[in-house]
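> only geometry, no sequence info:
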């Protein structure tokens, strides 16, 4: 889970990097099966990180502070 703005920004950067990797793979891979096998893990990780971003943005700042105190 993302706990602060620094982690939030880092996660956004990681998503952008993975999206660039998939974009590059789309341009370079000529075999559909190879492309899909390679892209699957990137896309799954992007989905997972997007869910973390959503959870962070959904939480009110006070909730984040309280969850850090109890952790």
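In hand now; what should we look at? Here the structure is a predicted model, which is why all the values come from computation and not from measurement.
> Residue nearest the middle of the chain, spatially speaking?
residue 49 (2.6 Å; CA atoms, centre = their mean).
> Wait, that one touches residue 11, no?
Yes - contact criterion CB atoms under 8 Å: residue 49 and residue 11 qualify, at 5.3 Å. (Glycine included, C-beta is placed from N, CA and C.)
> Which parts of the chain are helices?
Counting by DSSP state H, the chain has these helices, from start to end: 5-28, 32-58, 61-70.
> Next, format these as a markdown table and append mean pLDDT.
Below are the helices of the chain laid out as a markdown table (pLDDT from 0 to 100):
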| stretch | mean pLDDT |
| --- | --- |
| helix 5-28 | 97 |
| helix 32-58 | 96 |
| helix 61-70 | 67 |
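> quick one: contacts for the residue nearest to the centre of the chain?
For residue 49, the contact set (CB atoms under 8 Å, 6 or more residues apart in numbering) comprises 11, 14-15, 18.
> Now, of the residues you listed, which are buried?
Among the contacts of residue 49, those classed as buried by 16 or more other CB atoms under 10 Å are 11, 15, 18.
> Excluding residues flanking it in the chain, which one is nearest the second one?
Spatial nearest neighbour of residue 15, chain neighbours left out: residue 49 (5.2 Å); criterion: CB to CB, 6 or more residues apart in numbering.
> how close does the one you found sit to residue 62?
Separation of residue 49 from residue 62 (CB to CB, to the nearest Å): 24 Å.
> Next: residue 33.
49 Å.
> got it, and residue 8?
16 Å.
> Contacts only, for residue 11.
2, 49, 52-53.
> hmm, back to that, in TSV: the buried ones among the contacts of residue 49, plus distance to residue 39.
Shown next, in TSV, are those (distance: CB to CB, whole Å):
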residue	distance to residue 39
11	20
15	14
18	10
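> from those, which is closest to residue 38?
residue 18 (11.9 Å; CB to CB).
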